[in-house]
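[1] need a 3D model of the following:
(2 chains)
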Protein chains: 2
Amino acid sequence: MSGKRSKGNMLIAQSGGPSMVINQSLTGAVLEAKKHDAVGKIYGSLHGIKGILEENLINLRRETNAALEAVARTPSSALGTVRKKPTSDDCRRIFEVLRGYGVRYFFYIGGNDSAETAHIINEEAGRADYELRCFHIPKTIDNDLRENDHTPGFGSAAKFVACALMGDNLDNRALPGVKIDVIMGRHAGFLTAASALARIYPDDGPHLIYLPERAFSLTRFARDVKAVYKRYGRCLVAVSEGVADGKGVPIASKFIKEVDAHGNVQLSGSGALGDMLAAQIKSRTGISRVRADTFGYLQRSFPCLVSDVDAREARQAGAAAVRTAVTKNIDGSIAIRRRRGRNYSVYFEPVPLRKVARDTREMPAKFINREGNDVTQAFIDYARPIVGPLPRIGRLKGAPASRT
Amino acid sequence: MSGKRSKGNMLIAQSGGPSMVINQSLTGAVLEAKKHDAVGKIYGSLHGIKGILEENLINLRRETNAALEAVARTPSSALGTVRKKPTSDDCRRIFEVLRGYGVRYFFYIGGNDSAETAHIINEEAGRADYELRCFHIPKTIDNDLRENDHTPGFGSAAKFVACALMGDNLDNRALPGVKIDVIMGRHAGFLTAASALARIYPDDGPHLIYLPERAFSLTRFARDVKAVYKRYGRCLVAVSEGVADGKGVPIASKFIKEVDAHGNVQLSGSGALGDMLAAQIKSRTGISRVRADTFGYLQRSFPCLVSDVDAREARQAGAAAVRTAVTKNIDGSIAIRRRRGRNYSVYFEPVPLRKVARDTREMPAKFINREGNDVTQAFIDYARPIVGPLPRIGRLKGAPASRT
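    Below is the predicted model:
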């Protein structure tokens, strides 16, 4: 929908998995909205569209700028979130509520499922002849939204993963064995790939990286681990929770059965995949010390480990969505585009909702090595500016000593 | 052993699980040793006593102070570590090597198992009439060394746990359900207890904390969770990997069978306990969204999340051990004692090796609530200065909105 300039109230909500910077987008949107006379009341819906359906709304004009800034620096979704795909009945109810509150601007911060929800509401609004400017604000640690160079939330989650692997590499070097780290990423391997940023010295792990984009075989996995172990006396592995066999069936789904409203199998919040992979390595290689950690929810809500670039861009994306909806009077999503050139810089561009809704993107082939067990330098170059500086790691020179 | 002042070479090694500040102790000891003429060469043994047995030693005088400082800020054991209890044969071989390298000062950084190793070597040295000043430098994230108010490594690991629970509480609040976090701690609940530092608002989690010091019952656990869930619509649980039933049998040991050289069951590096607890809550309460994360090795080797107090004390403990061994010509361990009074301050005191070796300590009763499912304010007061400042968390006021 687009047309004459609308004047009215605004409603914003957060959806899908929390991230470390999703509240930057919330704060960016609210502070921007305060600048525009076209925006009347500013409502926050608690737990996404669930808050609209249940009329559980708060008045965001009552929040001080200081409170909004403190919330911006706080991880997870301050308004609460939800994983819910609205039915046609839900959409009718949503319009009834939005109408009742005089809402003309609707902003939904989230990933592809959330963009799909915004898209459905927008189309229903069109059919109902209800004038609504509907904008999706990108958020996903998976970095799997189409049209975007990368998405808010990814950089900070990637920083957590890189730091975790840095520490785990040192741990594995100090107390050798095979260590398997299971990292979030249902269909896209970006977050698992970010583990490669942990490497400083040539023998640093992760030595192997397995992504959902390449068929995963236990036989091949065991062979790879054995080869690395033979070379370094240890092996650190980063594996995506979404790794799947040649037919596209997630390895984890053979152990876990729960699905959400969007039909996604629950992969996080369980150590089953890591434990199974560790057991397989033990039995197939005979290596005795094999451990697995599943990073789980720490990756997306850990405080005090934010990428500055990510935080800034999340803020800008929120502000850009409001500015575009109000001043250009259009619907859509805000995409982050990277400028060509040696120095990292981005710009924000409105794109139609249907272009980011539902379907996700995967890692491009140029980011994955030929063997399908590592990333390329092209990926490192892509990810490093988004993640920002990482901790410095010291290492002893280790000059061998001989008897006096 | 004690007696006339020894002059000779020094050897230092790291043992047991890595920590975020164990290299502070290494650097503290080496920099202190450089001040004393009584110390000749400074050897580092790679992977604890394994490096002595295999004559895999490095020359630490060849490391620059800048390199030692960089290593001090780096987590995990820079010299490598080992979990090995020496046999009598090992001890004879250790003396042969130490004699060959002219070693008169032996420093072993580690926990109670490492203190036991140092104690055994020291006693064998006495029997062999080999003059050796043997010092244990405390390190354990478990905080379970006797004689110590707390141990180097605990404060930083506790900071990680507190930050993780802060984030996870926000995640659980945004996307409600039951969340179970499994935290390290074989026999002592200090690290799990540190999760309580994450609380800011009255409804913040962790809502329940289960420690190895109190018998764990699945029936009681499910009842506790149900009550919290009824009250808040969500529940965040911190549970120690070492929780045990009324007979002292670890719950995890019913699922995991691997043991190390000291007879300890492998509890970390597996998600089995968390997954089992989540499955129990699902089946016993009927709550549908139940997740478990096992923090695993991240807790002990995560870079850039160090407690400043912990880092400083680890450095001081290393220096104190060397100073005491060289100037007082005695053996022992360095204990951290807290001064009475309102302001936090500590001092370091030499104690006999046998007093910290082998047996560990548990949480005192005054730190655990009557119901055995939480900590007391006394614990919070004890732990807060060791952990130091935590991230600030912002929350929306959330004034309810009504229709216009």
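
[2] what's residue A:362 sitting at in phi/psi?
    The phi/psi pair for residue A:362 (degrees, to the nearest 10) reads phi -120, psi 180.

[3] how many residues are close by it?
    Number of residues near residue A:362 (other CB atoms under 10 Å in any protein chain shown) recorded here: 16. (Each C-beta comes from the backbone N, C-alpha and C, glycine too.)

[4] pretty sure it is touching residue A:189, no?
    Yes - counting by CB atoms under 8 Å, residue A:362 sits close enough to residue A:189 to count as a contact (7.4 Å).

[5] okay, and the common contacts of the two?
    Overlap of the contact sets of residue A:362 and residue A:189 (by CB atoms under 8 Å, 6 or more residues apart in numbering or on different chains) consists of A:212-213.

[6] now the stretch 251-400 of chain A, which segments are flagged as low pLDDT?
    A:255-269 (pLDDT under 70).

[7] residues in it within reach of chain B, list them.
    By CB under 8 Å from any CB of the partner chain, the residues of the stretch 251-400 of chain A that approach chain B are A:268-272, A:274-275, A:278, A:290-298, A:300-305, A:391-400.

[8] which ones among these lie within strands?
    Here DSSP state E is the test, and those give A:290-294 as lying in strands.

[9] who wins on neighbours among these?
    With neighbours defined as other CB under 10 Å, the most crowded of these is residue A:294; it has 32 neighbours.

[10] ok, that residue - contacts?
    Residues in contact with residue A:294 (CB under 8 Å, 6+ apart) are A:181-182, A:241, A:268, A:270-271, A:273-274, B:271, B:293-294, B:296.

[11] now distance to residue A:37 too, for those, in JSON lines please.
    Formatted as JSON lines, the contacts of residue A:294 follow (distance: CB to CB, whole Å):
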{"residue": "A:181", "distance to residue A:37": "51"}
{"residue": "A:182", "distance to residue A:37": "50"}
{"residue": "A:241", "distance to residue A:37": "47"}
{"residue": "A:268", "distance to residue A:37": "43"}
{"residue": "A:270", "distance to residue A:37": "50"}
{"residue": "A:271", "distance to residue A:37": "53"}
{"residue": "A:273", "distance to residue A:37": "52"}
{"residue": "A:274", "distance to residue A:37": "54"}
{"residue": "B:271", "distance to residue A:37": "54"}
{"residue": "B:293", "distance to residue A:37": "46"}
{"residue": "B:294", "distance to residue A:37": "52"}
{"residue": "B:296", "distance to residue A:37": "53"}
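
[12] just name the closest of those to residue B:116, please.
    The nearest member of the contacts of residue A:294 to residue B:116, counting by CB to CB, is residue B:296 at 25.4 Å.

[13] quick check on the closest one: phi, psi?
    Backbone torsions of residue B:296, given as degrees, to the nearest 10, read phi 60, psi -140.

[14] tell me the bridge partners for the closest residue in space to it that isn't next to it in sequence.
    Leaving aside its sequence neighbours, residue B:296 sits nearest to residue A:293 (CB to CB, 6 or more residues apart in numbering or on different chains; 3.5 Å). Beta-bridge partners recorded for residue A:293 (DSSP bridges): residue A:181.

[15] for residue A:382, see how far away residue A:293 is.
    26 Å (CB to CB, to the nearest Å).

[16] in chain A, what residue lies closest to chain B?
    At 1.4 Å from chain B, residue A:271 is the closest residue in chain A, using CB to the nearest CB.

[17] and that residue, what does it touch?
    A:182, A:292, A:294, B:270-272, B:274-275, B:292, B:294.

[18] repeat the analysis, applying 7 Å as the threshold.
    Applying CB atoms under 7 Å, 6 or more residues apart in numbering or on different chains to residue A:271 gives the contacts A:294, B:270-272, B:274-275, B:294.

[19] show me which residues of the stretch 101-250 of chain A are close to chain B?
    Listed as neighbours of chain B in the stretch 101-250 of chain A under the rule CB under 7 Å from any CB of the partner chain: A:101-102, A:163-164, A:166-168, A:170-171, A:174-175.

[20] let me know the closest of those to residue B:12.
    For these, the nearest to residue B:12 is residue A:174 (14.7 Å; CB to CB).

[21] so what's residue A:99 closest to, chain neighbours aside?
    Spatial nearest neighbour of residue A:99, chain neighbours left out: residue A:130 (6.6 Å); criterion: CB to CB, 6+ apart.

[22] what strand or helix carries the one you found?
    Residue A:130 is part of no helix or strand, with elements assigned from DSSP states H and E.

[23] burial check on it, number of neighbours?
    Neighbour count for residue A:130, taken as other CB under 10 Å: 17.

[24] same deal with residue A:57?
    Residue A:57 is flanked by 24 other residues according to other CB under 10 Å.

[25] rewinding a little: nearest to residue B:51, of the contacts of residue A:271?
    residue B:270 (28.4 Å).

[26] isn't that closest one right up against residue A:276?
    No - counting by CB atoms under 7 Å, residue B:270 does not reach residue A:276; the two are 10.9 Å apart.

[27] more neighbours, those two?
    A direct count of neighbours by other CB under 10 Å for residue B:270 and residue A:276 places residue B:270 higher, at 27 against 17.

[28] in three-state terms, label residue A:358 for me.
    Under DSSP: H, G, I helix; E, B strand; the rest coil, the three-state class of residue A:358 is coil.

[29] wait, doesn't it sit right on residue A:118?
    No - Residue A:358 is beyond contact range of residue A:118, at 11.2 Å (criterion: CB under 7 Å).

[30] which of the two has more neighbours?
    Shown here are residue A:358 and residue A:118; by other CB under 10 Å, residue A:118 has more neighbours (28 against 14).

[31] and the more buried one, what does it touch?
    Contact partners of residue A:118, counting by CB under 7 Å, 6+ apart, are A:108, A:134, A:136, A:353.

[32] how about the residues you listed in JSON lines, adding secondary structure and neighbour count?
    As requested, those are exported to JSON lines (DSSP: H, G, I helix; E, B strand; the rest coil; neighbours: other CB atoms under 10 Å in any protein chain shown):
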{"residue": "A:108", "secondary structure": "strand", "neighbour count": "29"}
{"residue": "A:134", "secondary structure": "strand", "neighbour count": "23"}
{"residue": "A:136", "secondary structure": "strand", "neighbour count": "31"}
{"residue": "A:353", "secondary structure": "helix", "neighbour count": "23"}
